[in-house]
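A.B. asks: Provide a 3D model corresponding to the input given below.
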Amino acid sequence: QVQLVESGGGLVQPGGSLRLSCVVSGSIFSISAMGWYRQAPGKQRELVAAISSAGNTNYADSVTGRFTISRDNAKNTVYLQMNSLKPEDTAVYYCNPYKGRTWYSTPYDYWGQGTQVTVSS
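C.D. replies: Here you go, the predicted structure:
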């Protein structure tokens, strides 16, 4: 059984920063790629960033240069550092593991409660 607990969201002004965390229970973390997703009201969930088990990263065009994904295998935690936030970044953010070591593998269907990020002045 895999459980995911996201945290770190909140209300921030445009141009501000937030750091999201996702703690993953279970033994799959160190051998799985991880992804951060977001879902805005009325929109489909989208992949924002992914990190392989080896630490290689991949980003959606909309966040490249502003967001940084990282992981700490000793803490079973994946992070998303978000800088230069924009109102269009407002969404619920979720993490999810992949079945393999890279984001080319199939993602699991494990979802936590998510963490709300609101960017507004």
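A.B. asks: For the nearest residue to S121 once chain neighbours are set aside, grab phi and psi.
C.D. replies: Ranked by Cβ to Cβ, 6 or more residues apart in numbering and with sequence neighbours excluded, the top spatial neighbour of S121 is Q13, at 5.4 Å. Just so you know, the C-beta spots here come from the backbone N, C-alpha and C atoms, and that holds for glycine as well. With angles defined as degrees, to the nearest 10, Q13 sits at phi -80, psi 150.
A.B. asks: Next: F29.
C.D. replies: Dihedral angles (degrees, to the nearest 10) for F29: phi -60, psi -50.
A.B. asks: Would you check that it makes contact with N76?
C.D. replies: Yes - taking Cβ atoms under 8 Å as the definition, F29 is a contact partner of N76 at 4.4 Å.
A.B. asks: Among these two, which residue is more densely surrounded?
C.D. replies: Neighbour totals were compared for F29 and N76, and F29 leads with 22 against 17 (other Cβ atoms under 10 Å).
A.B. asks: All the strands of this protein, in order from the start?
C.D. replies: Along the chain, counting by DSSP state E, strands occupy 4-7, 10-12, 18-24, 34-39, 46-51, 57-59, 67-72, 77-82, 91-97, 115-119.
A.B. asks: Understood, closing this out.
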